[in-house]
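Engineer: no FASTA, just this:
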């Protein structure tokens, strides 16, 4: 299993006012999209999220998003190591993802850029 990087998940009240700070901090432009009623902006290693409190409450349970080379391989390794696969692997707009709870209780999203 090859980990390519990690994205820090940040829930914000006002996405529009948060974006300029994170663009300046990360030195890049925000890539914006919507997912499940939540407005999202990817800026460098930050994933800013804003939306209904009920949706954000669920998103806050995931500690970080980890980019991997292959979600299927990640699924196999996590299962072998005793992680609980909460959801996935599932296709997304840009690849595949899965949500896993590690044996210590921490929940992570794993994503790849593979075919959806």
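Structural biologist: That came through fine. Computed from a predicted structure; not experimentally measured.

Engineer: all contacts plus neighbour counts: C-alpha atoms, from now on.
Structural biologist: Fine.

Engineer: Confirm residue 47 sits in a helix?
Structural biologist: No. Looking at residue 47 with DSSP: H, G, I helix; E, B strand; the rest coil, it is strand, so not inside a helix.

Engineer: could we number from 40 for the rest of this?
Structural biologist: I'll keep to 40 as the first residue from here, and by that count the last item is residue 86.

Engineer: low pLDDT regions in the chain?
Structural biologist: Within the chain, the segments meeting pLDDT under 70 span 153-155.

Engineer: all helices in it, in order from the N-terminus.
Structural biologist: Here the chain has its helices, by DSSP state H, at 54-65, 92-98, 110-119.

Engineer: Deepest-packed of these, please.
Structural biologist: helix 110-119 (a mean of 16; mean count of other Cα atoms under 10 Å).

Engineer: which other residues reach it?
Structural biologist: With contact meaning Cα atoms under 8 Å, 6 or more residues apart in numbering, helix 110-119 is reached by 40, 107, 123-124, 128, 135-137, 139, 149-151.

Engineer: Please apply the same query to stretch 41-58.
Structural biologist: The contact list for stretch 41-58 (Cα under 8 Å, 6+ apart) reads 69, 78-80, 82, 84-90, 95, 99, 101-109.

Engineer: Now do it: distance from first to last residue.
Structural biologist: Distance across stretch 41-58, first residue to last, is 30 Å (Cα to Cα, to the nearest Å).

Engineer: Stretch 58-71 now?
Structural biologist: Termini of stretch 58-71 sit 10 Å apart (Cα to Cα).

Engineer: what's the answer for stretch 76-91, then?
Structural biologist: Using Cα to Cα, one end of stretch 76-91 lies 8 Å from the other.

Engineer: now do stretch 98-113
Structural biologist: Start-to-end, stretch 98-113 (Cα to Cα) is 21 Å.

Engineer: can you check stretch 123-141 too?
Structural biologist: This stretch, stretch 123-141, spans 6 Å end to end (Cα to Cα).
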